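Colleague: A predicted structure for the sequence below; I have some questions about it.
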Amino acid sequence: MSLSWKPEMAVGIRAIDLQHQELIEIINGLEATLKLGDDALLEPLLQRLLSYVVFHFEVEESMMRAKSAYAKHAELHIREHSHFVNQLRSLHATDRAERRRGVEGMLDYLKYWVVNHIQKTDRDLATLLLAGDPARSH
């Protein structure tokens, strides 16, 4: 089942919320590609997902670095990011013949991780950031 963006997933920082919506769309694109059986599209979609995840995580991490008071949160948050990127890189590095099975096996993990990360870790980050700067939510 595809992921759907729901208003309750919003963390309250527009740039982050829009990026989360884009991540969900990319993951849904992977799922749709698997259903269509078009393995030629898996490579570019995986590359797009990896590139976008790295970009998105850099945005969040730059927000955290700007607030040294959030060092404890940043350490855990960045560790989660690093683990996720490593999982994607590992998937991307699989042999082309094995890629479909790798994506199929990892799709539920991707969906769970993104939703869980948004609703817990990113929401905690947004709470910290918005407490320090209420104007950033819009």
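Modeller: Noted; the coordinates are in hand. Numbering: from 1, shown residues only.

Colleague: Which positions within the helix or strand harbouring Leu129 qualify as buried?
Modeller: Take DSSP states H and E as the rule and Leu129 turns out to sit in helix 123-132. By neighbour count on 16 or more other Cβ atoms under 10 Å, the buried set for helix 123-132 is 123, 125-126, 128-129. (Each C-beta comes from the backbone N, C-alpha and C, glycine too.)

Colleague: can you check stretch 49-57 too?
Modeller: Residues of stretch 49-57 classed as buried by neighbour count (16+ other Cβ under 10 Å): 49-50, 53, 56-57.

Colleague: Low-confidence ranges, the protein, go.
Modeller: Within the chain, the ranges that satisfy pLDDT under 70 run 68-70, 132-138.

Colleague: Leu30 contacts Met106, correct?
Modeller: No - between Leu30 and Met106 no contact is recorded; they are 9.1 Å apart, counting by Cβ atoms under 8 Å.

Colleague: Which one of these two is surrounded by more residues?
Modeller: In this view Leu30 and Met106 are compared by other Cβ atoms under 10 Å, and Leu30 has more residues nearby, 21 against 17.

Colleague: which SS class is that one?
Modeller: At Leu30, secondary structure determined by DSSP: H, G, I helix; E, B strand; the rest coil is helix.

Colleague: Now it: closest residue in space, sequence neighbours ignored.
Modeller: With Cβ to Cβ, 6 or more residues apart in numbering as the criterion, Leu30 has its nearest non-adjacent residue at 5.2 Å, and that residue is Leu45.

Colleague: What separation do you get for the one you found and Ser4?
Modeller: Here the distance between Leu45 and Ser4 works out to 19 Å (Cβ to Cβ, to the nearest Å).

Colleague: hang on, the earlier thing: residues in contact with the residue nearest to Leu30?
Modeller: 26, 29-30, 33 (Cβ atoms under 8 Å, 6 or more residues apart in numbering).
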